[in-house]
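Requesting a structural model of the entry that follows:
(2 chains)
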There are 2 protein chains.
Amino acid sequence: MTFTDITRDDDAENRSGTTVYVCVTCRRPGDPEDGPRPGLKLARETALAADGTGVAVCEIECLANCSRSLSAALRCHGSWTYIFGGLEAGRDAKALIEGAQLVARAEDGLLPWRGRPDILKRGLIARTPPLGFTEGD
Amino acid sequence: MTFTDITRDDDAENRSGTTVYVCVTCRRPGDPEDGPRPGLKLARETALAADGTGVAVCEIECLANCSRSLSAALRCHGSWTYIFGGLEAGRDAKALIEGAQLVARAEDGLLPWRGRPDILKRGLIARTPPLGFTEGD
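Purely as a prediction, here's the structure:
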């Protein structure tokens, strides 16, 4: 398992640990096995889009969403984790960073629907609660 | 957001926080909207199957995997989180508990393929890394 963790100082507005995980193994059906992976391209674009935002971008070998790639996930400490599919390099890096910033500012730890980039609506694969989630959270 | 957190003392073998999250909102296409939800049935069966194992079972309102329900997720502190779909009430409660026990015993925090119940192979929707995941973990 190798990945690059591009960590920056947290934005004062944001919760700590605001992170976008991008699958760098993802490729589209028909893409050559030995060619540059579009998932890696998306990861690098996302790291560039994160510059100065306090959002960390982690390249992950596999998010196990292979049939609906490209894939990424986002969360911060205390938030729910959101997993997305159907992403595209050259298009969705900025949306991922916007989503990470939205969840970092959400007091209830939930990614708001309103204001969420469209690809983070139609591309939602699943979400999981934060550690220690308890009734009434 | 309401749910029931059935917490038991951790099994000495297991990592802390070993938890199965079951979506109680899930129903099959064609199921009546006002009838008993099969997701809730699965959650209750899973809680029964967890008895004495140290695995906590949490009922969750929505894991946002609605198109491939029934849905559940599992993890423990320090492990990856695994999300599953295509589950069935009356069939898969025991497999979810076995999966939780497998990941709790995994030193690398990864749910092993070998020995994994079949529904946790073919029903895998996605996985996300543990908080603080760093290169070489």
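
can you pull the contacts of residue A:126?
By C-beta atoms under 8 Å, 6 or more residues apart in numbering or on different chains, the residues touching residue A:126 are A:83, B:63, B:64, B:65, B:71, B:73, B:83, B:125, B:126. All C-beta atoms are positioned from the backbone trio N, CA, C, and that covers glycine.

again, only using 6 Å
Residue A:126 makes contacts with A:83, B:63, B:64, B:65, B:83, B:125, B:126, as judged by C-beta atoms under 6 Å, 6 or more residues apart in numbering or on different chains.

Residue A:47: how many residues sit nearby?
21 (other C-beta atoms under 10 Å in any protein chain shown).

So it, which state does it fall into?
helix (DSSP: H, G, I helix; E, B strand; the rest coil).

Let me see the backbone angles for residue A:118.
phi -60, psi -40 (degrees, to the nearest 10).

swap that for residue A:19, sorry
phi -140, psi 140.

hey, what's it bridged with?
residue A:56, residue A:75 (DSSP bridges).

I'd say it and residue A:55 touch.
No: assessed by C-beta atoms under 6 Å, residue A:19 is found out of contact with residue A:55, at 7.0 Å.

Same drill for the two, tell me which one is more crowded.
Set residue A:19 next to residue A:55 and count neighbours by other C-beta under 10 Å: residue A:55 wins out with 29 against 25.

thought residue A:64 was touching residue B:129?
No: using C-beta under 6 Å, residue A:64 is not in contact with residue B:129; the gap is 11.0 Å.

Those two - which one has more neighbours?
residue B:129 (23 against 18).

Spatially nearest residue to the more buried one, not counting backbone neighbours?
residue B:80 (5.7 Å; C-beta to C-beta, 6 or more residues apart in numbering or on different chains).

Next, count neighbours for that neighbour.
Count around residue B:80 with other C-beta under 10 Å applied: 21.

Now it. Its backbone dihedrals?
Backbone dihedrals for residue B:80, given as degrees, to the nearest 10, come out at phi -70, psi 160.

where's it relative to residue B:33, distance?
The spacing between residue B:80 and residue B:33, counted by C-beta to C-beta, to the nearest Å, is 34 Å.

Same check on residue A:48?
45 Å.

Looking at the two, which is more packed in?
Higher neighbour count among residue A:48 and residue B:33: residue A:48, with 13 against 6, using other C-beta under 10 Å.

So which residues of chain A form strands?
A:5-6, A:19-23, A:56-60, A:72-75, A:81-84, A:124-128 (DSSP state E).

any chance of those in JSON lines, plus mean pLDDT?
What follows is the strands of chain A, written out as JSON lines (pLDDT from 0 to 100):
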{"stretch": "strand A:5-6", "mean pLDDT": "38"}
{"stretch": "strand A:19-23", "mean pLDDT": "96"}
{"stretch": "strand A:56-60", "mean pLDDT": "95"}
{"stretch": "strand A:72-75", "mean pLDDT": "97"}
{"stretch": "strand A:81-84", "mean pLDDT": "98"}
{"stretch": "strand A:124-128", "mean pLDDT": "97"}
